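S.K.: have a look at this prediction, sequence included:
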Amino acid sequence: MSARTLDGQALARTMHEEIRAEVAAFTRQHGRPPGLGIVLVGDNAASEVYVRNKLKTGSEIGFRADLERLPATVTLAETLAVVERLNRSEVHDGILVQSPLPKAMGPDAEQRVFDSILPAKDVDGLTPVNVGLLVQKRATLVACTPSGVIELLERENIPIAGRHAVVIGRSDIVGKPMALLLLHRDATVTVCHSRTPNLAEVCRGADILVAAVGKAGLVTKEFVKPGAVVVDVGMNKVADATIAGELFHEGHPRLALFRSKGSVLVGDVHPEVAEIAGALTPVPGGVGPLTIAMLMRNTLRAAGARAGQPVG
Ligand code: NAP
């Protein structure tokens, strides 16, 4: 058996077209496009790529998408001042501060900066107000990656109600909101983390298994019930030839890619899982593109709500 591929890239393209039409309608009606302000602090290479993709997609779809770039030496107070300016901006409906912030800003910098975003513009769904609304099942702005996973499951007609869903990972940005979204759709949800004993055995009970860990190939065949739906949120850059060799058999196109580029992007799910799962999201091309699509939808929603006309 070979797992059905859940194509996040294709769904993201479809969603972009849907959103493009709504963005055009908003722009006609309000005389300005919905606006997204992204704050990027420092020079983290992965963040640079993520932010570039978000800006590019936003502009292509018709949003106003602005970058506020700050040096790694910026102070917390200066960063808070930039967020405050975006909070007051008439033309910015959504604000995103790219994580991680430089360590030198202090251990609680990220929390303080996220907390300072106006909840109505919090398109990453990370402020305490929006997290609280999510817990109470009345949120409009929900973290983009887990809501992208739900969008994919629903549009692929994968039943959630009554299913046992296991989420590996309990971060504020992926694991916890993922668990809540599945719970709100009547799944029975188990959340696992680094202190969970017998992880493989717990995961084998899952009808829907979501891996959001950050460890290349952690989820092997022994974690997966035959026929289960497996969602791979992990994005790990592998630059070690031994690890690449453990993940991909000789002759695998991804191994050839590794040898030509010196690194390869892999998920938390080992490729061998495709032999046993019923459906599986690829990495790349699975959850990643949907995260951006949901950011676009959240920005459109924030714009609609600010204009007194809920959309999206
Ligand atoms: P994170 O904040 O580092 O959280 C990782 C979680 O995994 C933690 O809850 C941790 O447990 C758990 N964990 C670590 N090692 C484990 C193990 N051996 N067994 C079981 N659980 C373990 O990471 P994150 O921000 O949630 O991101 C997770 C992954 O998703 C990363 O690869 C990230 O790059 C990727 N990601 C992808 C997208 C996308 O758009 N595709 C978006 C966001 C994140 P503890 O809580 O006990 O430490």
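M.R.: Now that the structure is in, tell me what you want to look at.
S.K.: element containing V189?
M.R.: Element membership of V189 [criterion: DSSP states H and E] is strand 188-192.
S.K.: equivalent analysis for V83, please.
M.R.: Per DSSP H and E: V83 is located in helix 76-88.
S.K.: following that helix, which helix or strand shows up next?
M.R.: strand 94-97.
S.K.: ok, then the element right after that next one?
M.R.: helix 109-116.
S.K.: state the mean pLDDT of the following helix or strand past that next one.
M.R.: Tracing the chain past helix 109-116, the next element assigned as helix or strand by DSSP H and E is helix 128-135. Averaged over helix 128-135, pLDDT sits at 98.
S.K.: tell me if I'm right that L181 and A139 touch.
M.R.: No: the criterion here is CB atoms under 8 Å, and L181 misses it with A139 at 9.3 Å. No exception for glycine: its C-beta is placed from N, CA and C like everyone else's.
S.K.: which of these two has more neighbours?
M.R.: L181 (24 against 20; other CB atoms under 10 Å).
S.K.: next up, the contacts around the more buried one.
M.R.: With contacts taken as CB atoms under 8 Å, 6 or more residues apart in numbering, L181 has the following neighbours: 134, 142, 146-147, 149-150.
S.K.: swap in 7 Å and give it another go.
M.R.: 142, 146-147, 150 (CB atoms under 7 Å, 6 or more residues apart in numbering).
S.K.: swap in R69?
M.R.: L40.
S.K.: same question for K137.
M.R.: H184.
S.K.: ramachandran coordinates for it?
M.R.: Backbone torsions of K137, given as degrees, to the nearest 10, read phi 60, psi 40.
S.K.: and the gap between it and the ligand?
M.R.: The spacing between K137 and the ligand, counted by CB to the nearest ligand atom, to the nearest Å, is 22 Å.
S.K.: which parts of this protein sit against the ligand?
M.R.: 145, 168-171, 173-175, 192-196, 199, 212-215, 233-236, 287-288, 291 (CB under 6 Å from any ligand atom).
S.K.: quick one: which of those sit in helices?
M.R.: 145, 175, 199, 287-288, 291 (DSSP state H).
S.K.: can you pick out the most distant pair from the residues you listed?
M.R.: Farthest-apart pair in those is L199 and T291; separation 24.8 Å (CB to CB).
S.K.: hang on, G148 is in a strand, isn't it?
M.R.: No: counting by DSSP: H, G, I helix; E, B strand; the rest coil, G148 is not part of a strand but helix.
S.K.: please name the nearest non-neighbouring residue to it.
M.R.: Nearest residue to G148 in three dimensions, chain neighbours excluded: L290, at 3.0 Å (CB to CB, 6 or more residues apart in numbering).
S.K.: what's around R13, how many residues?
M.R.: Counted by other CB under 10 Å, the residues lying close to R13 total 12.
S.K.: which helix or strand lies directly C-terminal to the helix or strand hosting it?
M.R.: Assigned by DSSP H and E, R13 belongs to helix 8-30. Moving toward the C-terminus from helix 8-30, the next helix or strand (DSSP H and E) is strand 35-41.
S.K.: which secondary structure elements does the helix or strand that that next one is followed by contact?
M.R.: Sequence order places helix 45-61 as the next helix or strand after strand 35-41, per DSSP H and E. Other elements packing on helix 45-61 under the criterion 3 or more CB pairs under 7 Å, 6 or more residues apart in numbering; DSSP states H and E are helix 8-30, strand 35-41, strand 64-70, helix 287-306.
S.K.: need those in TSV with mean pLDDT, can you?
M.R.: Below are the helices and strands packed on helix 45-61 laid out as TSV (pLDDT from 0 to 100):
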stretch	mean pLDDT
helix 8-30	98
strand 35-41	98
strand 64-70	98
helix 287-306	97
